[in-house]
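Asks: structure, please.
(2 chains)
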There are 2 protein chains.
Amino acid sequence: MSFDPASLRFDDRGLLPVIAQDHASGEVLMLAWMNAEAVTMTLETGRVTYWSRSRQSFWIKGETSGHVQRLVEMRIDCDSDAILVLVDQTGPACHTGKRTCFYKALRDGAEVELMAPEG
Amino acid sequence: MSFDPASLRFDDRGLLPVIAQDHASGEVLMLAWMNAEAVTMTLETGRVTYWSRSRQSFWIKGETSGHVQRLVEMRIDCDSDAILVLVDQTGPACHTGKRTCFYKALRDGAEVELMAPEG
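Replies: Predicted structure coming up:
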């Protein structure tokens, strides 16, 4: 049976959270959002495409920065309200230039930065 | 400077998405939600505690199933509106008995189940 993005459970804004994970290293790179059309665009083009909540527009990851995410595999969770995309990431995933957006760790009750921007 | 959960950016329901990742295997296990108090409880107890949107109550992961998540490290993303918890997972993470909630993959345009429930 072919997959229909409309079978996913979107929230009241028509969005669901999407985790991007590096397919080779397993590193979690970022969390962003897709609507049904962004899911379709991602599957059809192989270029991971989010919905930007701040800009209220499609966000083809890397379109301006060059830091594209090529889709390796899309996975869906048990209750179909979250997506995991395994990606081949070019350059840093984070707009700060860091490899992942999750670069702040809590250690001994304080925030610690785990990495510097990539060169 | 000590970390204050109120510094996180919660949505209009007072929640933010939380990714649980197995600290040893790197496998992404599930996505759930926390409010500020759940963040505090998780940090104070070392037991990952979510906010159940369906039950509108705290959800100490594994409290009934025994499939607890021990917090190894909490990480925060660049704009402080998503959390990654590295966990030591006892038993399967998913209520279906599967190791991860992300067991459905899209391959050749169809959903494929990647794993069976654990024994």
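
Asks: other SSEs contacting whichever helix or strand residue A:37 is part of?
Replies: Assigned by DSSP states H and E, residue A:37 belongs to helix A:36-45. Under the contact definition 3 or more CB pairs under 8 Å, 6 or more residues apart in numbering or on different chains; DSSP states H and E, helix A:36-45 sits against strand A:49-52, strand A:57-60, strand A:69-76. For the C-beta atoms, the positions are set from N, CA and C on the backbone; glycine is no exception.

Asks: list the buried residues in it.
Replies: A:36, A:38-42 (16 or more other CB atoms under 10 Å in any protein chain shown).

Asks: let me have the residues you listed in JSON lines, extended by pLDDT.
Replies: Shown next, in JSON lines, are the buried residues of helix A:36-45 (pLDDT from 0 to 100):
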{"residue": "A:36", "pLDDT": "98"}
{"residue": "A:38", "pLDDT": "98"}
{"residue": "A:39", "pLDDT": "98"}
{"residue": "A:40", "pLDDT": "97"}
{"residue": "A:41", "pLDDT": "97"}
{"residue": "A:42", "pLDDT": "98"}
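
Asks: what stretches of chain A score poorly on pLDDT?
Replies: A:1 (pLDDT under 70).

Asks: wait, residue A:30 sits on residue A:21?
Replies: No - with contact defined as CB atoms under 8 Å, residue A:30 does not count as touching residue A:21 (9.3 Å).

Asks: coming back round to it: between strand A:69-76 and the helix holding residue A:37, find me the angle.
Replies: With axes from the mean of the first three to the mean of the last three CA atoms, to 10 degrees as the basis, helix A:36-45 and strand A:69-76 are set at 120 degrees to each other.

Asks: which residues are in contact with helix A:36-45?
Replies: A:3, A:5-6, A:8, A:10, A:14, A:34, A:47-51, A:58, A:60, A:71, A:74, A:83, A:85, B:106, B:109 (CB atoms under 8 Å, 6 or more residues apart in numbering or on different chains).

Asks: and those, which are buried?
Replies: A:3, A:5, A:8, A:10, A:34, A:47-51, A:60, A:71, A:74, A:83, A:85, B:106.

Asks: excluding sequence neighbours, find me the nearest residue to whatever residue of chain A ends up closest to chain B.
Replies: Taking CB to the nearest CB as the measure, the point where chain A comes nearest chain B is residue A:26, at 3.2 Å. Closest residue to residue A:26 apart from its sequence neighbours, by CB to CB, 6 or more residues apart in numbering or on different chains: residue B:26 at 3.2 Å.

Asks: near chain B, which residues of chain A?
Replies: A:1-3, A:17, A:19, A:21, A:25-28, A:30-31, A:43, A:73-80, A:82, A:84, A:94-96, A:98, A:101-107, A:109-111, A:114 (CB under 8 Å from any CB of the partner chain).

Asks: mind doing that once more with 6 Å?
Replies: By CB under 6 Å from any CB of the partner chain, the residues of chain A that approach chain B are A:2-3, A:17, A:19, A:21, A:26, A:28, A:31, A:73-78, A:82, A:84, A:94, A:96, A:101-102, A:104-106, A:109-111.

Asks: generate a PyMOL selection restricted to the buried subset of the residues you listed.
Replies: Buried subset of these, written as a PyMOL selection, criterion 16+ other CB under 10 Å:
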select buried, chain A and resi 3+17+19+21+28+31+74+75+76+77+78+82+84+94+96+101+102+104+105+106+111
